[in-house]
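> structural data only, the sequence is not supplied:
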RNA sequence: GGCCCGUUCGUCUAGCGGUUUAGGACAUCGCCCUCUCAAGGCGAAGAUCACCGGUUCGAAUCCGGUACGGGCUACCA
């Protein structure tokens, strides 16, 4: 509600399909999406595939899939269409050509015939002289227009460069997170907007697109801040209004270095496959650099979409903390409805583990399993380890050495098991439920004159193999009467 | 080399000149609950607000410089 309704906010996320969608990109996408939703604006997805050598159709699909998994629905873009298409840069080449030629005709851009070798030599020379400016020397800027055109017509290789006006003075970038950032236009290169192979450069294509698509707020990575004054020059040459910029910081690995493979998972896919919930992942990423109040940690996407605002975005880089992601994921998992958890988490995970096709037990059993395991999971796949003891045969049950030593190979353990057998046998198949089991087991410690732990833990280890499991009633119920009795019996030899 | 950005507990952050003995969350540790493990509840520890100067009655908050980290300076995006 604090967002000023500029009525017509238009933002875009424009990934290059040169790889998977990584977490930094995902966060940029989330911020754009959230800003659009919070302001009632339009969220556009555009594929910046001007780099033909590195862009692939497959990567595009991977990115679209990741966007869908994240739940970031776009109003315009691939598959969604829209009035400002096409939404692939490779399909917009004519537009860039047209714009560039117009700029040349208007004297706002010019042909450059310098070879890469010459440019490198110039740069080297500037360095030798200790020149403070080591960029393009504007060699071709003053070539007579007709002469230049003649050389182009003769087929001489050339690029097109933007002409930074001599009297431009300071370029002030209005940035929603950094404030006003001032650059001296004299420091700016007459940078290349069209390559000699006839393709546009990023700094040009982006601006042409953003201008044509009516983008009002450019929310993107910090690494573009230094390029922004150059882009402003292009907007001005084009005669288009400059949007508001918002440059967000990078996401770093635990060592404070740029996030890379050696930090573990870097792509959205990997997190999805690792069992993170989309909602939790979006929540965590949104919070990495944005805080609505400094108090909240669990912020449902609805709230993000309602409250996101650029003036609460922090300027400094953030280190990705998997522990906190796990915590948030656990929160979402625990908050799930039991039925949903059973259907969306438990059954798929058990199936994926090859444990259970969903038909080996009745509905009540699966629901009980959810009740037992859900609060003990932080990741979806945790249920597999939780449930493992239910899916191994009695003979193959793996006993944890320490647990056996501590609970079974102890004075009184055998008595506890004997007593448990005796008590449990009195329960028929029909009465095999948590309440009945606990009722029958509860009196044992007192009767045996032993602590509760000394009685229940041997039973637990006997049935589970380890010292940790849900409540004894739930544990035995899930196992089933026959297996429970067999395992208790079987453990007597270890006691 | 030049230009630009950043710097509050280990981590993410709140803070926008006095309400601050710098608040919250994760992680850590302790206690409670308890048949175990989780969950939950309570609590502890943890930041001389990078450093140095300045402005001000008063600065984490404003200004300058320094250090460290990062980005741009490409016919990459």
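That came in fine, so what should we check first? The structure displayed is predicted, hence computed values, not measured ones.

> okay, buried residues for the helix or strand bottoming out on mean pLDDT in chain A please.
When the helices and strands of chain A are scored by mean pLDDT, DSSP states H and E, helix A:116-128 comes last with a mean of 87. Using 16 or more other C-beta atoms under 10 Å as the test for burial, helix A:116-128 gives A:119, A:122, A:126. Glycine gets a C-beta too; all of them are placed from N, C-alpha and C.

> hmm, the second one is touching residue A:140, no?
No. Assessed by C-beta atoms under 8 Å, residue A:122 is found out of contact with residue A:140, at 11.6 Å.

> and for the two, which residues touch both?
Overlap between the neighbourhoods of residue A:122 and residue A:140 consists of residue A:114, taking contacts as C-beta atoms under 8 Å, 6 or more residues apart in numbering.

> before we move on, back to that, how about the helix or strand just after the least confident helix or strand of chain A, does it get close to RNA strand B?
Toward the C-terminal end, the helix or strand that comes next after helix A:116-128 (DSSP states H and E) is helix A:145-153. No. Applying C-beta under 7 Å from any atom of the strand, one finds helix A:145-153 separated from RNA strand B by no less than 13.0 Å.

> now do helix A:145-153, average pLDDT.
Mean per-residue pLDDT for helix A:145-153: 93.

> over to stretch A:280-291?
Averaged across stretch A:280-291, pLDDT comes to 96.

> got the buried residues for it?
A:280-290.

> which ones are touching residue A:74?
By C-beta under 8 Å, 6+ apart, the neighbours of residue A:74 are A:13, A:33, A:43-45, A:67, A:80.

> can you rerun that using 6 Å?
A:43, A:45, A:80 (C-beta atoms under 6 Å, 6 or more residues apart in numbering).

> could you find the closest non-adjacent residue to the second one?
So that's residue A:45. In space, and not counting its chain neighbours, residue A:45 is closest to residue A:77: 3.2 Å by C-beta to C-beta, 6 or more residues apart in numbering.

> the one you found: neighbouring residues, count only.
Counted with other C-beta atoms under 10 Å, residues neighbouring residue A:77 total 24.

> got the phi/psi numbers for it?
phi 140, psi -170 (degrees, to the nearest 10).

> how about it, what does it touch?
Residues in contact with residue A:77, defined by C-beta under 6 Å, 6+ apart, are A:44-45, A:87.

> ok, 8 Å please
A:44-47, A:87 are the contacts of residue A:77 under C-beta under 8 Å, 6+ apart.

> need the residues you listed in JSON lines (columns: neighbour count and pLDDT).
Shown next, in JSON lines, are those (neighbours: other C-beta atoms under 10 Å; pLDDT from 0 to 100):
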{"residue": "A:44", "neighbour count": "26", "pLDDT": "98"}
{"residue": "A:45", "neighbour count": "25", "pLDDT": "97"}
{"residue": "A:46", "neighbour count": "26", "pLDDT": "97"}
{"residue": "A:47", "neighbour count": "24", "pLDDT": "95"}
{"residue": "A:87", "neighbour count": "23", "pLDDT": "96"}
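
> nearest to RNA strand B among those residues?
residue A:47 (9.3 Å; C-beta to the nearest atom of the strand).

> quick revisit: need the max-distance pair from the contacts of residue A:77.
Farthest pair in the contacts of residue A:77 (C-beta to C-beta) is A:44 and A:47. Separation: 10.9 Å.

> so where do the strands sit in chain A?
Secondary structure of chain A (DSSP state E): strands at A:10-13, A:42-45, A:109-112, A:159-162, A:170-175, A:179-184, A:192-194, A:217-221, A:244-248, A:251-252, A:318-319.

> now do stretch A:376-384: everything it contacts.
Counting by C-beta under 8 Å, 6+ apart, A:274-277, A:326-327, A:329-330, A:333, A:345-346, A:349-350, A:352-353, A:355, A:369, A:373-374, A:386, A:470 sit against stretch A:376-384.

> return the subset of the residues you listed lying in helices.
If you go by DSSP state H, the contacts of stretch A:376-384 have A:326-327, A:329-330, A:333, A:349-350, A:352, A:369, A:373, A:386 in helices.

> restricted to buried residues, select these in ChimeraX.
The buried subset of the ones in helices among the contacts of stretch A:376-384, as determined by 16+ other C-beta under 10 Å, is captured in ChimeraX by this line:
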select /A:329,330,333,349,350,369,373,386
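
> contacts with RNA strand B among the ones in helices among the contacts of stretch A:376-384, please.
When contact is defined as C-beta under 7 Å from any atom of the strand, the ones in helices among the contacts of stretch A:376-384 meet RNA strand B at A:326-327, A:330.

> now the residues you listed as JSON lines including pLDDT?
Converted to JSON lines, those look like this (pLDDT from 0 to 100):
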{"residue": "A:326", "pLDDT": "96"}
{"residue": "A:327", "pLDDT": "97"}
{"residue": "A:330", "pLDDT": "96"}
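
> give me the pLDDT value at the nearest residue to residue A:262 once chain neighbours are set aside.
Leaving out its chain neighbours, the residue that sits closest to residue A:262 by C-beta to C-beta, 6+ apart is residue A:253, at 7.6 Å. What the model reports as pLDDT for residue A:253 is 92.

> can you check residue A:85 too?
pLDDT at residue A:85 comes out at 81.

> who's the nearest residue to it once chain neighbours are set aside bridged to?
Distances taken as C-beta to C-beta, 6+ apart place residue A:76 nearest to residue A:85, at 7.4 Å, with adjacent residues excluded. Taking DSSP bridges as the rule, residue A:76 bridges to residue A:44.

> picking up where we left off before, now, which of the ones next to RNA strand B among the ones in helices among the contacts of stretch A:376-384 sits nearest RNA strand B?
Nearest to RNA strand B among these, with distances taken as C-beta to the nearest atom of the strand, is residue A:327, at 3.6 Å.

> residue contacts, residue A:455?
Contacts for residue A:455 (C-beta under 8 Å, 6+ apart) come out as A:416, A:419-420, A:441, A:444-445, A:448.

> ok, the closest residue to RNA strand B within chain A to residue A:78 distance?
Nearest residue of chain A to RNA strand B: residue A:294, at 2.5 Å (C-beta to the nearest atom of the strand). Using C-beta to C-beta, to the nearest Å, residue A:294 is found at 37 Å from residue A:78.

> out of these two, which sits in the busier spot?
residue A:78 (19 against 6).

> next, that one: phi, psi?
As for residue A:78, its main-chain torsions (degrees, to the nearest 10) stand at phi -50, psi 140.

> correct me if wrong: it contacts residue A:47.
Yes. Using C-beta under 8 Å, residue A:78 makes contact with residue A:47 at a distance of 6.4 Å.

> who touches both of these two?
A:60, A:87-88.

> as CSV, these with distance to residue A:428 would be great.
As requested, these are exported to CSV (distance: C-beta to C-beta, whole Å):
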residue, distance to residue A:428
A:60, 61
A:87, 66
A:88, 68
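
> the residues you listed in helices, which ones?
Per DSSP H, these map to helices at residue A:60.

> how about the residues of the stretch 101-250 of chain A near RNA strand B?
Contact residues, the stretch 101-250 of chain A versus RNA strand B (C-beta under 7 Å from any atom of the strand): A:114-116, A:119, A:123, A:130, A:132-136, A:157, A:159, A:178-179, A:181-184, A:187, A:189, A:191-192, A:195-197, A:199, A:201-203, A:222-227, A:249-250.

> so what are the domain limits for chain A?
Segmentation of chain A into domains, based on automatic domain parsing, reads A:1-76+A:249-335, A:92-213, A:337-383, A:401-491.

> wait, which of those domains is closest to residue A:243?
Of all the domains of chain A, domain A:92-213 comes closest under C-beta to C-beta, at 6.5 Å.

> greatest separation within the buried residues of stretch A:280-291: which pair is it?
A:280 and A:289 (16.8 Å).
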